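Chemist: I would like the atomic coordinates for the input below:
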Amino acid sequence: MFCKNDILTVEITDQGTTGEGIGKIDGYALFVKDTVIGDEVKVKIMKAKKNYAFAKLIEIIKPSPNRVVPPCSVAKSCGGCQLQAMSYQEQLRFKTDKVYNNIKRIGGIEDFAMKPIIGMEEPFYYRNKAQFPVGCNRDGKIVAGFYAGRTHSIIDIDSCMLELRPDGIDVNEKVMNIVKDFMEREEIRPYDEVSGSGLLRHVLIRIGKTTKQVMVCLIINGSTIPKQKLLVERLLTVPKMTDISLNVNYERNNVIMGTEIVPLFGPGYIEDYIGDVKFRISPRSFFQVNPVQTEKLYNRALEYADLHGNETVWDLYCGIGSISLFLAKKAKKVIGVEIIPEAIEDARVNAKINNINNVEFFVGAAEDVVPKYFEEHAGAPECKPDVIVVDPPRKGCDSKLLETMVQMAPKRIVYVSCDSATLARDLKWLNGHGYELEEVTPCDMFGQTVHVETVVLMSRSGTDC
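Modeler: Modelled structure (predicted):
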């Protein structure tokens, strides 16, 4: 049994699902952040339990052949990246193993085809969206950046190596320098989570990968910003600035955005492309953060859907219609469901600007809309679709929705997931209710992090798919 503050030497032989290295001494497990399989390290125990401990890396005695020098100066302290010390090829292996092991361990499924992970050509500078929390340091100076791992302590950084830099321009740095300078000059205080006082909470920045259009949305604990016209003028000095708005959020919780948008400049959206499909993106829209990899992911989902022009397809958790419009090009009819009204408005516009007329969108939670539709339209062709595509949030699909999907009895279910643990749970349920897991493809959308997107194909037992 080891104790807090013990100094130990250990070899890292495994990697945890959240990226920490794992080493063992006489069967006692040590979880060590910032280590890689193959590292021999000196560590200090920070929290000891009966069978395991969390330890802090003190020294790398012998580096792993898979270890690289993180290019970001705050990679160790920032909570955004967990794998920068790991070579990219090793990251891909880690993510493949994570998906495969979750499906086997949680899903209890072993007989399926595991396809090679779809990796990135450039695992940096890919994100089209950044959300910077704003606060004060101990000296009262305004800071903005990203939260340190598992805390709400802000690492003061205006630039991130994961964010898009159109034409080499660090848009985020330009925007955040303008905002922080304006706050200092006008004595605008950032929001304080403890007291609930202060005005500016977060700064949301979106950048179009293809169009290079820039959006800034300031999330505030109020309804207006002092001298906001002056702030708009300064933000308009940023190249390709297209839309500026406020988002009103009085809630004392960790939800970043409120429901009210106050326009300050621009049309209320930016536009960008995935493949040849154009999308209109508003501040609260869900839009995949890596459009290059998204196109690859959607093409695999389209391949799994196996559409020939006569199929009816449901796209659940459809967001602004991104997958729906890809599917609609090959299907007879696509029906999308999304809980955020603004996203559905965007989806309808996106269908119109792409001249796609065989899609229909409903607002509401999928677990409410689909069962109700199935009950009220029994016998309609839409209630016996050929394919159902689901792309749920991290929590996965609601049980009521899964039950209705099985009742609708599509030939194929294409499940796109951002969390392979909840994916595995849902696959287990579907596997026990008449669907077989055919094929799994991980897709790396989030280089340098532990997150991985996955798309899978399930077919109804007894069907010739």
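
Chemist: so residue 211 makes contact with residue 269?
Modeler: No: between residue 211 and residue 269 there is no contact, the gap being 11.2 Å when judged by Cβ atoms under 8 Å. (Glycine included, C-beta is placed from N, CA and C.)

Chemist: Comparing those two, which residue is more hemmed in?
Modeler: Comparing residue 211 with residue 269 by other Cβ atoms under 10 Å, the one with more neighbours is residue 269, at 23 against 16.

Chemist: how about the more buried one, what does it touch?
Modeler: Contacts for residue 269 (Cβ atoms under 8 Å, 6 or more residues apart in numbering) come out as 215, 243, 280-282, 285, 346.

Chemist: if we go to 6 Å?
Modeler: With contacts defined as Cβ atoms under 6 Å, 6 or more residues apart in numbering, the neighbours of residue 269 are 280-282.

Chemist: helices and strands around the lowest-mean-pLDDT helix or strand in the chain, which ones?
Modeler: Least confident helix or strand of the chain, by mean pLDDT, DSSP states H and E, is strand 154-156 with a mean of 89. The contact analysis (3 or more Cβ pairs under 6 Å, 6 or more residues apart in numbering; DSSP states H and E) places strand 154-156 against strand 142-147.

Chemist: mind checking how far the strand it packs on is from the chain centre?
Modeler: Its chain's C-alpha centre and that of strand 142-147 lie 20 Å apart, by Cα atoms, centre = their mean, to the nearest Å.

Chemist: Which residues outside it are in contact with it?
Modeler: Outside strand 142-147, the residues that touch it by Cβ under 6 Å, 6+ apart are 78-80, 132, 134-135, 137, 154-157, 176, 180, 183.

Chemist: Out of the residues you listed, which one has the lowest pLDDT?
Modeler: pLDDT across the contacts of strand 142-147 is lowest for residue 79, at 79.

Chemist: show me what contacts that residue?
Modeler: Residue 79 sits in contact with 147-149, where contact means Cβ under 6 Å, 6+ apart.

Chemist: What is the three-state secondary structure of residue 280?
Modeler: For residue 280, the assignment made with DSSP: H, G, I helix; E, B strand; the rest coil gives strand.

Chemist: just the strands in the stretch 351-465 of the chain please.
Modeler: Ranges of strands in the stretch 351-465 of the chain, per DSSP state E, counting those that start in this stretch, are 359-363, 387-390, 412-417, 435-443, 453-460.

Chemist: Can you tell me the SS state at the residue lying closest to residue 340 once chain neighbours are set aside?
Modeler: Once flanking residues are discounted, residue 340 sits nearest to residue 284: 6.4 Å by Cβ to Cβ, 6 or more residues apart in numbering. Using three-state DSSP as the criterion, the local structure at residue 284 reads coil.

Chemist: now the end-to-end length of stretch 429-436.
Modeler: 11 Å (Cα to Cα, to the nearest Å).

Chemist: about what we covered before: quickly run through the sheet partners of the least confident helix or strand of the chain, with directions.
Modeler: Strand 154-156 has the following strand partners under DSSP bridges: strand 142-147 (antiparallel).

Chemist: In PDB, could you pull the C-alpha coordinates for the strand it pairs with?
Modeler: Extracted in PDB, the C-alpha atoms of strand 142-147 (Å, rounded to 0.1, in the frame of the first residue of the first chain):
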ATOM      1  CA  ILE A 142      -8.600  40.300 -17.200                       C
ATOM      2  CA  VAL A 143      -7.700  36.900 -18.600                       C
ATOM      3  CA  ALA A 144      -9.300  34.700 -21.200                       C
ATOM      4  CA  GLY A 145      -8.400  31.300 -22.600                       C
ATOM      5  CA  PHE A 146      -9.300  27.700 -21.700                       C
ATOM      6  CA  TYR A 147      -9.900  25.900 -18.400                       C
END
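
Chemist: got the buried residues for it?
Modeler: 142-146 (16 or more other Cβ atoms under 10 Å).

Chemist: Stretch 17-24 now?
Modeler: Judged by neighbour count using 16+ other Cβ under 10 Å, the buried positions of stretch 17-24 are 19-23.

Chemist: possible to save those as a markdown table with secondary structure and distance to residue 330?
Modeler: Output for the buried residues of stretch 17-24, formatted as a markdown table (DSSP: H, G, I helix; E, B strand; the rest coil; distance: Cβ to Cβ, whole Å):
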| residue | secondary structure | distance to residue 330 |
| --- | --- | --- |
| 19 | coil | 38 |
| 20 | coil | 42 |
| 21 | strand | 44 |
| 22 | strand | 44 |
| 23 | strand | 49 |
